[in-house]
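K.L.:
Quick one, fold the following:
(one chain, ligands or ions: 2)
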Amino acid sequence: MTIININIPVRIIDSIKDYAKILQDVVKMNISFDILKFSTTPKGITLIIDVPSEKLNQVNEAFKSEGISVERKSTVCVDNELCIDCGACISLCPTGALHFTNNYELEFTKEKCIGCLICLDSCPRNAIKET
Ligand code: SF4
Ligand code: SF4
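P.N.:
Ligands and ions are numbered 1, 2, ... in the order given. You can find the predicted model right below:
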């Protein structure tokens, strides 16, 4: 599976019908995917979705043809100087990339990180950064 970031600009979401059409087009592709995060900003809608890797190009082309930008997600790093091992990020991480050691110190296993960025906003110390 591959995590991608979909940015749907507000000019495309003129009406609920336009948004429904976009989803309908995706459904027609017969691709199942998981929505990991849905957020709205004054600029539009951002979705972080998990798509099958072999369908990535098809999904990219479909969204781009609608004028929607698609980006591969990156990963994160944890600044150990800022982290206070509070654990707030751990329960949000869907893969266990963020976890406690036996000494209740935060440990980040980069190989497990899928770049969903769900943890970014959870840290009260801003210790998690996108890389
Ligand atoms: S981005 Fe954060 S929440 Fe997502 S998998 Fe990586 S460490 Fe876990
Ligand atoms: S939320 Fe921030 S301070 Fe708390 S354990 Fe995670 S990285 Fe460390």
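
K.L.:
So which residues on the chain come close to ligand 2?
P.N.:
Those residues of the chain that sit near ligand 2, judged by C-beta under 6 Å from any ligand atom, are 78, 83-89, 106, 122-123, 125, 127-128. Where C-beta positions appear, they are placed from N, C-alpha and C, glycine not excepted.

K.L.:
Could you dump those residues into CSV and include distance to N30, pLDDT and secondary structure?
P.N.:
Converted to CSV, these look like this (distance: C-beta to C-beta, whole Å; pLDDT from 0 to 100; DSSP: H, G, I helix; E, B strand; the rest coil):
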residue, distance to N30, pLDDT, secondary structure
V78, 38, 97, strand
C83, 43, 98, coil
I84, 46, 97, coil
D85, 45, 97, coil
C86, 43, 97, coil
G87, 40, 96, coil
A88, 38, 96, coil
C89, 35, 97, coil
L106, 40, 98, strand
S122, 34, 93, helix
C123, 38, 96, coil
R125, 43, 96, coil
A127, 41, 97, coil
I128, 36, 96, strand
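
K.L.:
Name the member of those with the most neighbours.
P.N.:
Counting by other C-beta atoms under 10 Å, C89 has the largest number of neighbours within the residues of the chain next to ligand 2, with 24 neighbours.

K.L.:
Just the pLDDT for the residue located most distally from the centre of the chain.
P.N.:
Of all residues in the chain, N103 has its C-alpha farthest from the mean position, at 29.6 Å, by C-alpha atoms, centre = their mean. With respect to pLDDT, N103 scores 96.

K.L.:
So which elements touch the top helix by length along the chain?
P.N.:
With secondary structure taken from DSSP state H, the chain has its longest helix at helix 16-28. For helix 16-28, the packing partners by 3 or more C-beta pairs under 8 Å, 6 or more residues apart in numbering; DSSP states H and E come out as helix 56-65.
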